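Novice: coords below, sequence missing:
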DNA sequence: GTAAACAAGTTTATATTATAAACCAAATAT
DNA sequence: ATATTTGGTTTATAATATAAACTTGTTTAC
């Protein structure tokens, strides 16, 4: 009746990150930080977790001379996200 | 852009409990336990939290000679639940 | 009738998670 | 040149979820 929710996605900040990345080709650290309002430390940790899970990839480069960390959702990430959304529906259906 | 998610509801088991209670007049402990597959200990703790928050009420009685704990969603609980669902939509919209 | 197993929870201990504070290196502004 | 800002990472702490162990009473089997 209630499917297990992917614990990697069932987290406010990680979910927001995935939500952003699902809608764009790629986004860099500072952009995500601004959109989510997260602290840099927290965001860094959560991005690591998503990366370890294979849900996103991270590329480190420079924008001018400044370091720039660019994130991108992977196909597996996209898949996991849509499965999570699907699973959540079971939980939310009563709440309208 | 990403509204804060009520941390009391952003929990797999508590959300399941609320989801069940949103759809019925009342439900007792063992029923919820079966539906969710939770352990009694975990369920007991989460029900306490929902009660402290005023999201549900708990009435202790007997069914025959056996103790029986009956739970019911409150108007505030229902309201919080529907607000949570609304907030979540912001996070999920990209995931279709 | 009493010992063993079961029902319905609660309490407590542990493992996991989220989060921010402290830190670092390089770039820019003063 | 030095103070400040940018773009992060590491680490320490606080909060959370979860299950194991326990309690209280009830049925069942002997």
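Specialist: Structure's in. What do you need? Keep in mind it's a predicted model, so treat the numbers as computed, not measured.

Novice: what stretches of chain A score poorly on pLDDT?
Specialist: A:95-96 (pLDDT under 70).

Novice: redo that, cut-off 90
Specialist: Residue ranges of chain A with pLDDT under 90: A:1, A:93-96.

Novice: Helices of that one, start to end?
Specialist: A:12-23, A:29-36, A:40-52, A:75-92 (DSSP state H).

Novice: Give me the contact status of stretch A:10-23 with DNA strand D.
Specialist: No - using C-beta under 7 Å from any atom of the strand, stretch A:10-23 stays clear of DNA strand D, coming no nearer than 8.8 Å. Heads up, the C-betas are built off the backbone N, CA and C, glycines and all.

Novice: To what extent is the closest residue to DNA strand C within chain A buried, counted in neighbours?
Specialist: Per C-beta to the nearest atom of the strand, residue A:41 is where chain A lies closest to DNA strand C, at 2.1 Å. Counted with other C-beta atoms under 10 Å in any protein chain shown, the neighbours of residue A:41 add up to 8.

Novice: What sits closest to residue A:50 if chain neighbours are left out?
Specialist: Nearest in space to residue A:50, with sequence neighbours left out and distances taken as C-beta to C-beta, 6 or more residues apart in numbering or on different chains, is residue A:56 at 4.6 Å.

Novice: Out of the helices of chain A, which is the most enclosed?
Specialist: helix A:12-23 (a mean of 22; mean count of other C-beta atoms under 10 Å in any protein chain shown).

Novice: neighbouring contacts of that helix?
Specialist: A:8-9, A:27, A:32, A:35-36, A:38, A:42-43, A:46-47, A:49-50, A:55-56, A:71-73, A:77-78, A:81, A:84, B:2, B:4-5, B:10, B:90-95 (C-beta atoms under 8 Å, 6 or more residues apart in numbering or on different chains).

Novice: ok, now with 6 Å
Specialist: A:9, A:27, A:32, A:35-36, A:38, A:46, A:50, A:73, A:81, B:2, B:5, B:91, B:94-95 (C-beta atoms under 6 Å, 6 or more residues apart in numbering or on different chains).
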